[in-house]
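K.L.:
Give me a 3D structure for the following:
(one chain, ligands or ions: 1)
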Amino acid sequence: MSKADLTALAAQLEEYLGDPHDAGSRMSFTRVLDHDEHEEYPYAFVSQLRRWGVHEYSLPAEQGGRAGNVETGFNLMRLVGRRDATTATALVITNLSFMPLWIAGSDEQKRSAVEDMKRGGGLSWGLSERDHGSDLLANEMVAEKTDGGYLLTGEKWLIGNATVADTMVVFARTGKRNGPAAYSIFIVDKRQIPAITAEELPVEKLHGLRALDLSGLRLKGAFVPDSARVGAEGQGLEIALKSTQLARTVISSLAMSAVDTGLRLTLDFTEGRVLLGTAVSDVPYSRRQLTEAFADLMVADAVSLGAVRSLQAAPEQLSVWSSVVKYLLPTLLEKTMSQLNMVLGARFFLRDHPHYGPYQKMLRDLLVANIADGNTVVNLRNLGQQLDGLLASAGEAAPAVREAAAERAATLFGMDRELPVYEPWKQELFSRGQDDAMLAAPDGLSRLRALAEEAKGTERDRLLRAADEAEELLDRVGPLTDRAAELKAELGREYAQSAELFELSKEYCLLHATAACVLTYVHSHGVLDDPLPSGALLLLQIERLRRHLYPHESVTDPSVIDEVMRVLRHLHRENRLFSHWQFPLAERVADLTAARL
Ligand SMILES: Cc1cc2nc3c(=O)[nH]c(=O)nc-3n(C[C@H](O)[C@H](O)[C@H](O)COP(=O)(O)OP(=O)(O)OC[C@H]3O[C@@H](n4cnc5c(N)ncnc54)[C@H](O)[C@@H]3O)c2cc1C
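P.N.:
Numbering: from 1, shown residues only. Here you go, the predicted structure:
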């Protein structure tokens, strides 16, 4: 979908949902907070979003959905999430639960599930078990072969939508011997099995997403026919891991939406609040904090742009892109939100404030992005396992390999570039050292320098400075490779499990993010709407990444901050999503009297 079409679609959804500060709108903060306070599943929100058809953009067109591009559904969900992460999660879980079918299901299985979902049916994804968490190969739910089908016995716990959805897609053991080929996937339609064989577990009380149905399902000899098996017997782990790749890539949108609302609310406050004769936005320290939060969000936006597009443009590399995004975005944005707390001040703590009440909910809800679908640690471990190959190719790839990566990077980071249709079965579990962001980084830097040469005055200086600082960061590939080699020599077989390897993986993520910021700039600058592109913003993005390594050093001066503040104020006043996409948000019809209280 072109940028113009996606923007028009996003605008339609925004208009449909209305100004969240308007109590009469379809998805007002007042009602969202009410659901949260009373821990009531948001049936009404989910239903009206289904009526609009939002979930269809994440279902394959070939079987009756409207998805070709994952990017469309991902961005629509950001708009839902900026109002309520619980509703967004409930919808996302249904779509993610469909992934095993999309990857390995038969045409009939896909068609029937899509039809069911279009009629309002929900899905849940039963992977986790109470005693085994991330250790999937220890899972105990068993599927015993019987005439014409399987008998399922065991328990799935901490499953989103487990009670409200009629159908759960489960991961169960079919093999007698332990190992990766011991598991298979089944569709369990609770309406089709004897009630006595299935018992829903109590809905858990949660810290964030309080209105979510997070429960579980206990099965005791539940019969499912052979036609309910997804893919071949023994293929379950592969399907589950590939499904998880998409989940990891899209779930970070919840954290971005939370910070978008957090920043928007904070600006509502700082633009109107006068302290000692100055708007808080204009107090130099506050202004810096606000612009830094904005730059963090734009780093996240650039990283997720490439990651979401990699689902289609580089599916064989998804094990890297999905883990980078799943580790980096939630951890980065949690810090961003903490920083914003101190700008908004005491009101961030108030659950019932008529304007700032949603802030504390966003603060709680965003934490889910770190936990669900493979926690931070699991993703760092996944990167650690591939790190040697990734560093080797980032440092020493042949020119032809880099050229091919640079060509793909133009699609990965070019917002207006057509994407190939999503074919999830092309995803790979290991990327064999390939990470196009890192491989294309040198090309990105030379393009950035060329753009700087075409620019004038301070913009030229800022772009050149951004290129220099980004290059210095990216040059850390060499020392990082040396440290990895030394560690390996020192620790031998312990290397793969060492805490130090996790730290190296974290640093790799920072380098990938640096490349993503540069590549987004060079491949999308021509299609960005005013006031973007901005050399000042790019420089501040690089500074924010650099701060993880040099916490107290700045590469920006006050004039850069002033310029980024101009960009931020423009997006706030024009009511646009804080993103390279800048989707127009629903018109703000509620007056801001409550924001002054
Ligand atoms: C809101 C929410 C929604 C969820 N929805 C679903 C759902 O729809 N379907 C579903 O199947 N599950 C769901 N889950 C469950 C969740 O995805 C799993 O519980 C989680 O991925 C497993 O992690 P755990 O936190 O239970 O940690 P465990 O795997 O038990 O690990 C505990 C701790 O050990 C450490 N650790 C784990 N693995 C490693 C490692 N390899 N190396 C080093 N340290 C490690 C980490 O610090 C980790 O936090 C949901 C959970 C939440 C909170």
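K.L.:
looking at it, residue 355 is touching residue 591, isn't it?
P.N.:
No - when contacts are counted by C-beta atoms under 8 Å, residue 355 is not listed as touching residue 591 (10.4 Å). Using the backbone N, CA and C atoms, a C-beta is placed for each residue, glycine as well.
K.L.:
which non-adjacent residue is nearest residue 295?
P.N.:
residue 540 (4.2 Å; C-beta to C-beta, 6 or more residues apart in numbering).
K.L.:
what about stretch 208-222, distance to the chain center?
P.N.:
Put simply, stretch 208-222 sits 23 Å off its chain's centre (C-alpha atoms, centre = their mean, to the nearest Å).
K.L.:
so for that stretch, what's the average pLDDT?
P.N.:
Stretch 208-222 comes out with an average pLDDT of 97.
K.L.:
Which positions in that stretch come out as buried?
P.N.:
208-219, 222 (16 or more other C-beta atoms under 10 Å).
K.L.:
before we move on, what about stretch 534-549?
P.N.:
Using 16+ other C-beta under 10 Å as the test for burial, stretch 534-549 gives 534-548.
K.L.:
ditto for stretch 124-140
P.N.:
Neighbour-count burial for stretch 124-140 [16+ other C-beta under 10 Å]: 124-129, 136, 139.
K.L.:
what residues does it touch?
P.N.:
For stretch 124-140, the external contacting residues (C-beta atoms under 8 Å, 6 or more residues apart in numbering) are 93-94, 96-97, 99-100, 141, 154-162, 165, 167-173, 178-180, 182-183, 188, 216-217, 237, 240, 243-244, 374-375, 377-378.
K.L.:
and the residues you listed near the ligand, which?
P.N.:
Among those, the residues that sit close to the ligand (C-beta under 6 Å from any ligand atom) are 93, 158-160, 374-375, 377-378.
K.L.:
Residue 365 contacts residue 208, doesn't it?
P.N.:
Yes - with contact defined as C-beta under 8 Å, residue 365 and residue 208 form a contacting pair (4.2 Å).
K.L.:
which residues do those two both contact?
P.N.:
Contacts common to residue 365 and residue 208, judged by C-beta under 8 Å, 6+ apart, are residue 85.
K.L.:
Let's see which of the buried residues of stretch 208-222 end up in strands.
P.N.:
214-219, 222 (DSSP state E).
K.L.:
Tell me which other helices or strands the helix or strand encompassing residue 152 touches.
P.N.:
Applying DSSP states H and E as the criterion places residue 152 in strand 149-160. Judged by 3 or more C-beta pairs under 8 Å, 6 or more residues apart in numbering; DSSP states H and E, strand 149-160 is in contact with helix 85-97, strand 123-126, strand 142-146, strand 167-173, strand 183-189, strand 214-225.
K.L.:
mind checking pLDDT for residue 376?
P.N.:
For residue 376, pLDDT reads 88.
K.L.:
residue contacts, it?
P.N.:
Contacts of residue 376 (C-beta under 8 Å, 6+ apart): 326-327, 330-331, 370.
K.L.:
what's the answer for residue 372, then?
P.N.:
Contacts for residue 372 (C-beta under 8 Å, 6+ apart) come out as 89, 160, 247, 251.
K.L.:
one more time with 7 Å, if that's ok
P.N.:
residue 251 (C-beta atoms under 7 Å, 6 or more residues apart in numbering).
K.L.:
Specify which member of the buried residues of stretch 534-549 is nearest to the ligand.
P.N.:
residue 548 (20.2 Å; C-beta to the nearest ligand atom).
K.L.:
Which residue is the nearest non-sequential neighbour of residue 351?
P.N.:
Spatial nearest neighbour of residue 351, excluding adjacent residues (C-beta to C-beta, 6+ apart): residue 360 at 5.6 Å.
K.L.:
what helix or strand does the one you found sit in?
P.N.:
According to DSSP H and E, residue 360 maps onto helix 357-365.
K.L.:
Looking at strand pairing, list the partners for residue 188.
P.N.:
For residue 188, the beta-bridge partners under DSSP bridges are residue 168.
K.L.:
is it true that it touches residue 168?
P.N.:
Yes - at 4.9 Å, residue 188 and residue 168 qualify as touching, with contact defined as C-beta atoms under 7 Å.
K.L.:
For the stretch 1-150 of the chain, which residues are neighbours of the ligand?
P.N.:
Counting by C-beta under 6 Å from any ligand atom, the stretch 1-150 of the chain sits next to the ligand at 93, 124-128, 133-134.
K.L.:
which of those lies closest to the ligand?
P.N.:
Nearest member of those to the ligand, counting by C-beta to the nearest ligand atom, is residue 133, at 2.2 Å.
K.L.:
tell me the secondary structure for that closest one?
P.N.:
Assigned by DSSP: H, G, I helix; E, B strand; the rest coil, the conformation of residue 133 is coil.
K.L.:
How much space separates it from residue 365?
P.N.:
As judged by C-beta to C-beta, to the nearest Å, residue 133 and residue 365 stand 22 Å apart.
K.L.:
cool, and residue 402?
P.N.:
Distance from residue 402 to residue 365, by C-beta to C-beta: 40 Å.
K.L.:
quick one on the thing from earlier: looking at the helices and strands packed on strand 149-160, which is nearest to residue 78?
P.N.:
Distance to residue 78, taken as C-beta to C-beta, is lowest for helix 85-97 among those, at 8.1 Å.
K.L.:
Which elements pack onto that closest one?
P.N.:
On a contact count with 3 or more C-beta pairs under 7 Å, 6 or more residues apart in numbering; DSSP states H and E, helix 85-97 meets helix 43-52, helix 70-81, strand 123-126, helix 236-272.
K.L.:
quick revisit: roughly how far is the strand holding residue 152 from the heart of the chain?
P.N.:
That offset, for strand 149-160, works out to 27 Å (C-alpha atoms, centre = their mean).
K.L.:
Could you do stretch 242-250 as well?
P.N.:
9 Å.
K.L.:
contacting residues around it?
P.N.:
Outside stretch 242-250, the residues that reach it (C-beta under 7 Å, 6+ apart) are 74, 92, 96, 99-100, 103, 307-308, 311, 318-319, 321-323, 325-326, 373-374, 379, 424, 427.
K.L.:
Same question for stretch 42-51.
P.N.:
With C-beta under 7 Å, 6+ apart as the criterion, stretch 42-51 contacts 26-27, 35, 80, 84, 86-87, 90-91, 120, 211.
K.L.:
Closest to the centroid, which residue in this protein?
P.N.:
residue 252 (2.0 Å; C-alpha atoms, centre = their mean).
K.L.:
Please name the nearest non-neighbouring residue to that one.
P.N.:
Residue 252 sits nearest to residue 329 (C-beta to C-beta, 6+ apart), 3.9 Å away.
K.L.:
Off-centre distance for the host helix or strand of that neighbour?
P.N.:
Applying DSSP H and E as the criterion places residue 329 in helix 318-344. Chain-centre distance of helix 318-344: 9 Å, with C-alpha atoms, centre = their mean.
K.L.:
List the buried residues of it.
P.N.:
318-334, 336-337, 339-341, 343-344.
K.L.:
and that helix, anywhere near the ligand?
P.N.:
No - judged by C-beta under 6 Å from any ligand atom, helix 318-344 stays clear of the ligand, getting no closer than 10.6 Å.
K.L.:
right, and the residue nearest to the centre of the chain touches residue 327 too?
P.N.:
No - in this structure, residue 252 is not within contact of residue 327 by C-beta under 7 Å, at 9.6 Å.
K.L.:
Any figure for the gap between residue 520 and residue 564?
P.N.:
For residue 520, the distance to residue 564 - C-beta to C-beta - is 16 Å.
K.L.:
Kindly report the same for residue 537.
P.N.:
Distance from residue 537 to residue 564, by C-beta to C-beta: 5 Å.
K.L.:
circling back: the buried residues of stretch 208-222 into TSV, with extra columns for distance to residue 270?
P.N.:
Listed next are the buried residues of stretch 208-222 as TSV, based on distance: C-beta to C-beta, whole Å:
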residue	distance to residue 270
208	25
209	28
210	28
211	30
212	31
213	37
214	35
215	40
216	43
217	47
218	50
219	53
222	55
